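Novice: the sequence and its predicted three-dimensional model are supplied below.
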Amino acid sequence: MDRLMRAKFLLMRERPFLKKLIALMEFIPTQDTPSMMVNESLEVFYNPQVLERDVGELACFLYHEALHVAFNHFRRMKKVNAPLAVKNIAMDLEINDNIKADIARSEKIRFPQDFIHPSDLGLPEGLTAEEYLRYLISRSAEFSDLINSYGQKHAPGLELTAPEGKGKKIRGKDRNLIGKLAKEVIREGLRAGKLRGRASSLLDPERQKPSLPWQVVLARLARKIYEGRLQRLDVTFRKRKKRNPTEFILPSEIGYTYNPVVVIDTSGSMTSDQIRKAVAECVHLLRLGNSKIRIILFDAGLQGDFYTDNPLKDLRKIPGRGGTRMDLALEYVAKKARNHSPVIVFTDGETPWNEVKPVREPVIVCLLSRTGSAPYWAKEFHIERRGH
Ligand SMILES: [Zn+2]
């Protein structure tokens, strides 16, 4: 029996909660990956070279690939905007963190030395892929070597997609089956104490939450910040002289100060009526303690920066009408309008966004069109046009 099969049976015996997913895996040899990768259809592509590893390590590879599927990484990573290599590292950190914590108790499954772990990067354990992604992007300069080489040197290779020209497209029926099995794996893995507790959030997807009108959500958020109940993570790296030179000190929590600013995209694609109505409603909601709200008008460049308590009047004539550069608008906020929280942006979303979140404060993007999109680091509301 070849090593891959032995690894498969070892893992099924040692971690029965993975059994059903692993049983469905189809193994395909290829030179297109340095080690191993999986796709949504549970096809596992492997470089025959990887079979030189011992069975315990190979079982860990399969464990890793199974968790990509169980953790619903394909869907989750489609929702975020980042280079593939960065997504890949973030997902692998989430998985390997989980596996390492689990197999510390197993002598048979072995954690390969070249598997990346949050502690290798000085990052905290127990975070989600999305949270690791945020760290990687906000400190991309520091991690640039890793990001550039990941997928060539590190195992496993670039995932999420099958090697070009290979792999079958997943059909609806299979997708449902795999989705169901993935949830079963999470449920049983949690019950057996093999998965970190955070995985439980994968069982109740967001779409099960009732969707509230944007005004309600915005008002709640504003109230939370106003009352100092919304905290930010203040992450500090403290250098220790002796044992752990880069020991990670857990984030301390600091409340935001309520001081909203509203950024309005005044580009040609936004109709002024649309803007005025939405902004007036928003300013009304935001005027909790402040009598006036700061407004910044921006398209390809700055068009206005003032305080108002009467947006319907003050926005009667909207200047500008150039192209849309909300990335520059937020850079302006970072430089000239610091310490505003929350930062609220009204735009059609047809704009470039900053790759890295330019301000520390929460950013809310209110989209006035269905086609535009917000960056992954912002909270997003769709404001539907009513009437016409
Ligand atoms: Zn992976």
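Specialist: Arrived safely. Residues are numbered from 1 along each chain as shown.
Novice: in the stretch 1-150 of the chain, which residue sits closest to the ion?
Specialist: Closest residue of the stretch 1-150 of the chain to the ion, Cβ to the ion: Asp92 (4.3 Å). (Each C-beta comes from the backbone N, C-alpha and C, glycine too.)
Novice: can you report how many residues neighbour that residue?
Specialist: Using other Cβ atoms under 10 Å, the number of residues around Asp92 comes to 24.
Novice: got the buried residues for the strand or helix carrying it?
Specialist: Per DSSP states H and E, Asp92 falls inside helix 84-103. Neighbour-count burial for helix 84-103 flags 85-100, 102-103 (criterion: 16 or more other Cβ atoms under 10 Å).
Novice: looks to me like Ile264 is in a strand.
Specialist: Yes: under DSSP: H, G, I helix; E, B strand; the rest coil, Ile264 sits within a strand.
Novice: contact partners for it?
Specialist: Ile275, Val279, Ile295, Ile296, Leu297, Phe298, Leu315, Ile318, Val345, Phe346, Thr347 (Cβ atoms under 8 Å, 6 or more residues apart in numbering).
Novice: now, those that are in strands?
Specialist: Ile295, Ile296, Leu297, Phe298, Val345, Phe346, Thr347 (DSSP state E).
Novice: do you know how far the fourth one is from Pro112?
Specialist: Using Cβ to Cβ, to the nearest Å, Phe298 is found at 49 Å from Pro112.
Novice: what do you get for the last one?
Specialist: If you measure Thr347 against Pro112 using Cβ to Cβ, the figure is 45 Å.
Novice: so those two - more neighbours on which side?
Specialist: Remark: of Thr347 and Pro112, Thr347 carries more neighbours, 27 against 18, as counted by other Cβ under 10 Å.
Novice: look up the closest residue to that one, ignoring the ones flanking it.
Specialist: Nearest residue to Thr347 in three dimensions, chain neighbours excluded: Asp265, at 3.7 Å (Cβ to Cβ, 6 or more residues apart in numbering).
Novice: what's opposite the one you found in the beta bridge?
Specialist: Asp265 has these beta-bridge partners by DSSP bridges: Phe298.
Novice: could you report the neighbour count for the residue in the stretch 251-388 of the chain that the ion sits nearest to?
Specialist: Using Cβ to the ion, the single residue of the stretch 251-388 of the chain nearest to the ion is Tyr376, 19.6 Å away. Residues near Tyr376, counting by other Cβ under 10 Å, number 17.
Novice: check contacts around the nearest residue to it once chain neighbours are set aside.
Specialist: In space, and not counting its chain neighbours, Tyr376 is closest to Val80: 4.1 Å by Cβ to Cβ, 6+ apart. Val80 is in contact with Lys87, Glu130, Leu133, Tyr376, counting by Cβ under 8 Å, 6+ apart.
Novice: SS state for Val80?
Specialist: Classified using three-state DSSP, Val80 is coil.
Novice: read off the pLDDT value for it.
Specialist: Note for Val80: predicted pLDDT of 81.
Novice: when you give positions from now on, start the count at 326
Specialist: Sure, I'll start numbering at 326, so the last one becomes Val405.
Novice: phi, psi of it?
Specialist: phi -110, psi 160 (degrees, to the nearest 10).
Novice: any idea how far the residue nearest to Arg516 when sequence neighbours are not counted is from Arg512?
Specialist: Of all residues not flanking Arg516 in the chain, Phe342 sits nearest, at 7.8 Å (Cβ to Cβ, 6+ apart). Separation of Phe342 from Arg512 (Cβ to Cβ): 8 Å.
Novice: okay, those two: which has more neighbours?
Specialist: Neighbour comparison, Phe342 and Arg512: the larger count goes to Phe342, with 20 against 16 (by other Cβ under 10 Å).
Novice: quick one, what contacts the more buried one?
Specialist: Phe342 neighbours (Cβ under 8 Å, 6+ apart): Val510, Glu513, Gly514, Arg516, Ala517, Lys519.
Novice: and it, that's in a strand?
Specialist: No: using three-state DSSP, the assignment for Phe342 is helix, not a strand.
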